[in-house]
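# okay, structure incoming, though there's no sequence with it:
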């Protein structure tokens with residue numbers, strides 16, 4: 001048995017931490033006591049032994065506990081055990097995580113790799129399997145009886161017929177090795193299908209049954225009867241694939257042997273991570289519409305006609321194939337390497353195909369037009385010949401230009417990488433943007449007339465701007481604004497704070513709604529003034545408020561007249577708070593601070609009392625509005641001490 005403990009990266013894991021338990025585990029595995037071996041390897045693994053972790057992973061993997069095996073391999077890889085890292089990469093590759101497999105394999109390149117890889121059959125079964133020698137028996141003289149010879153001949157014929165009839169299920173009394181294979185899909189395999197290795201039959205499918213994987217997913221398990229010879233010993237890193245024997249649906253199981261020196265033991269199970277069920281040829285044909293299948297038949301017919309009568313050319317091809325295949329081997333290895341990232345290439349190709357699929361009809365038309373173009377080019381032999389003769393110089397210039405374009409291409413590559421997230425985001429954004437783009441396409445049809453109208457407007461604006469009168473008008477407008485600003489600053493709070501503008505129009509609506517035969521009329525009340533008063537409500541051109549003077553017509557007009565409102569009712573205080581005096585002061589007996597006679601007039605504005613806002617007004621001048629409490633131009637009411 002190989003020194004399994006010395007294939008790790010540390011080169012002496014068996015003699016390090018947990019060495020005694022590790023050796024105990026090896027001894028138990030040689031006798032076939034896997035339970036004791038697993039317990040010993042667990043103790044050595046807990047002590048930090050890297051090779052013990054790898055051995056524990058092998059035992060767990062052999063019985064289908066892939067999660068436990070992966071955790072054990074990860075511990076072995078973290079302790080620089082080469083084989084543990086290798087098996088971890090195989091698990092990753094088995095579930096198509098090639099990036100993870102590549103990462104762990106590259107990491108393990110720095111680990112020490114010594115002779116003596118793990119032998120799985122020996123590790124799990126020990127040395128109990130031995131070849132038994134045969135002792136030849138004594139020779140028997142030939143029987144000369146014709147009756148006996150005839151009976152033996154008939155018996156041999158019957159046995160040959162029986163064996164020929166049962167060839168699909170194996171020959172009776174022939175010892176076989178058993179191997180279980182877990183597959184995600186039975187893929188129309190039947191009992192008796194062949195098991196091939198490199199084109200040679202090494203066994204057959206003896207039975208099939210449904211199983212449930214540890215993950216809960218359904219699967220199929222094949223039981224293979226394999227040859228007991230060297231061909232029937234399958235390396236533990238081998239893979240199995242279901243392939244089609246013909247287009248009629250017959251299948252077989254292809255075993256691709258691995259490079260490991262360890263082989264599956266009799267009765268072992270190949271995990272599902274090492275099997276594959278590719279798309280079958282009959283599935284491809286079944287997925288095609290009738291017209292495509294008919295086209296495939298015509299293609300096969302034409303291909304047959306192509307090869308017919310070309311035997312010598314085929315012979316020459318077969319003669320050159322060994323050289324081609326010899327050169328193709330390193331290319332195939334390079335393509336098969338995880339670092340080649342061939343999977344991502346096909347994923348990108350799949351994405352490209354899905355992208356161009358919606359414009360397939362346009363591509364068909366493109367190729368049709370291309371055929372027409374090529375046909376027209378071939379019609380002019382001289383022009384084509386001249387083009388070919390000048391191609392060499394054009395290619396030389398193109399080669400030199402490519403060297404100049406290299407920095408641009410490098411920057412374009414960088415831009416492409418950085419633009420990839422945005423491109424990916426378009427997958428979710430485009431379903432939202434598509435309706436807007438479709439609507440925008442219809443809107444763009446109206447853009448030319450709109451542009452024409454906008455151009456006319458711009459031309460008119462240009463002429464207006466260049467007109468001499470425009471400057472004069474703008475200067476006059478500026479002067480008007482300059483003149484109106486003081487008035488607006490004073491009147492603004494009456495509108496914004498006290499809402500007097502809306503009150504005036506509201507009252508006006510009730511003033512002009514008197515219905516008449518002709519529509520509506522203004523409501524009016526004649527007010528006769530006292531003629532003895534120089535200034536009264538009926539006097540035009542009054543120069544002062546009614547002062548209550550005169551008594552000649554008191555019985556006629558109802559008494560003297562007095563003023564009951566100030567000349568300028570305030571809207572705000574000096575700090576901008578609401579003081580809407582108009583309409584809120586009632587009829588006070590006396591607020592006439594500047595009258596030396598002290599008569600019962602109300603002429604004082606900005607009284608000492610803060611009346612606040614109206615019902616629909618606001619408490620303060622709006623933010624950003626400039627204002628003045630008193631008129632900045634024209635006559636103003638005199639102020640007095642104590643006014644607000």
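Structure's in. What do you need? Please read these numbers as outputs of a predicted model, since none were measured by experiment.
# for the longest helix seen in the chain, packing partners?
Determined from DSSP state H, the single longest helix within the chain is helix 381-444. Counting contacts by 3 or more Cβ pairs under 8 Å, 6 or more residues apart in numbering; DSSP states H and E, helix 381-444 packs against helix 360-378. C-beta coordinates here come from the backbone N, C-alpha and C atoms, glycine included.
# still on that earlier bit, gap between the longest helix of the chain and the chain center?
Centroid separation for helix 381-444 versus its chain: 24 Å, with Cα atoms, centre = their mean, to the nearest Å.
# the inter-axis angle of the helix or strand just after it versus helix 381-444?
Going down the chain from helix 381-444, the next helix or strand is helix 447-466, by DSSP states H and E. In terms of direction (axes from the mean of the first three to the mean of the last three Cα atoms, to 10 degrees), helix 447-466 departs from helix 381-444 by 70 degrees.
# in helix 447-466, which residues are buried?
The neighbour-count criterion (16 or more other Cβ atoms under 10 Å) identifies no buried residues in helix 447-466.
# go ahead and name everything in contact with that helix.
residue 470 (Cβ atoms under 8 Å, 6 or more residues apart in numbering).
# for the record, mean pLDDT for that helix?
Mean pLDDT, helix 447-466: 89.
# after it, next one along is what?
helix 468-496.
# and the next helix-or-strand element following that following helix, how far from the chain's centre?
On the C-terminal side of helix 468-496, the closest following helix or strand by DSSP H and E is helix 500-511. Distance, stretch centre to chain centre, for helix 500-511: 63 Å (Cα atoms, centre = their mean).
# just stretch 39-58 next, same as before
With Cα atoms, centre = their mean as the basis, the mean position of stretch 39-58 lies at 41 Å from the chain mean.
# quick one: end-to-end distance for it.
Taking Cα to Cα, to the nearest Å, the first and last residues of stretch 39-58 lie 13 Å apart.
# what about residue 240, neighbour count?
Using other Cβ atoms under 10 Å, residue 240 has 22 other residues around it.
# now the closest residue to it other than its chain neighbours: phi and psi?
Excluding the flanking residues, the one nearest residue 240 by Cβ to Cβ, 6 or more residues apart in numbering is residue 275, at 4.7 Å. Per-residue torsions, residue 275: phi -120, psi 160 (degrees, to the nearest 10).
# and residue 275, how many neighbours?
22.
# dump the residue contacts of it.
Residue 275 neighbours (Cβ under 8 Å, 6+ apart): 181-184, 239-241.
# which among these count as buried?
By 16+ other Cβ under 10 Å, the contacts of residue 275 give 181-183, 239-241 as buried.
# in strands, which of these fall?
181-183, 239-241 (DSSP state E).
# closest to residue 403 among these?
Nearest to residue 403 among these is residue 239, at 45.4 Å by Cβ to Cβ.
# so the closest one sits right up against residue 256, yeah?
Yes: at 4.8 Å, residue 239 counts as touching residue 256 under the criterion of Cβ atoms under 8 Å.
# show the backbone phi and psi for residue 209.
Torsion angles, degrees, to the nearest 10, at residue 209: phi -150, psi 150.
# show me what it is bridged to.
residue 221 (DSSP bridges).
# which residues touch residue 100?
89, 92.
# can you give me the distance of it to residue 88?
Using Cβ to Cβ, to the nearest Å, one gets 9 Å for the distance from residue 100 to residue 88.
# now residue 615
Taken as Cβ to Cβ, the span from residue 615 to residue 88 is 82 Å.
# those two: which has the busier surroundings?
residue 88 (29 against 7).
# skipping adjacent residues, who's closest to the more buried one in space?
residue 73 (3.7 Å).
# what helix or strand is the one you found on?
With DSSP H and E as the criterion, residue 73 is inside helix 66-78.
# can you give me the buried ones in that helix?
66, 68-77.
# so what does that helix touch, helix or strand wise?
helix 50-62, helix 82-94, helix 98-108.
# just those helices: most buried one?
Mean neighbour count (mean count of other Cβ atoms under 10 Å) peaks for helix 50-62 among these, with a mean of 28.
# so for it, mean pLDDT?
pLDDT averaged over helix 50-62 gives 83.
# residue 65 contacts residue 215, correct?
No: Residue 65 lies out of contact with residue 215 (Cβ under 8 Å); the separation is 11.3 Å.
# okay, those two: which has more neighbours?
The residue with more neighbours, out of residue 65 and residue 215, is residue 65; 15 against 9, by other Cβ under 10 Å.
# skipping adjacent residues, who's closest to that one in space?
residue 214 (6.8 Å).
# assumed the one you found was part of a strand.
No: Residue 214: not assigned to a strand; according to DSSP: H, G, I helix; E, B strand; the rest coil it is coil.
# report the contact partners of it.
Here residue 214 is in contact with 64-67 (Cβ under 8 Å, 6+ apart).
# ok, of the residues you listed, which one's closest to residue 371?
For those, the nearest to residue 371 is residue 66 (54.2 Å; Cβ to Cβ).
# how close does the closest one sit to residue 274?
For residue 66 relative to residue 274 (Cβ to Cβ), the value is 11 Å.
# ok so, going back, kindly reformat the contacts of residue 214 as JSON lines containing distance to residue 413.
Below are the contacts of residue 214 laid out as JSON lines (distance: Cβ to Cβ, whole Å):
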{"residue": "64", "distance to residue 413": "45"}
{"residue": "65", "distance to residue 413": "45"}
{"residue": "66", "distance to residue 413": "39"}
{"residue": "67", "distance to residue 413": "40"}
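# kind regards, and thank you for your time.
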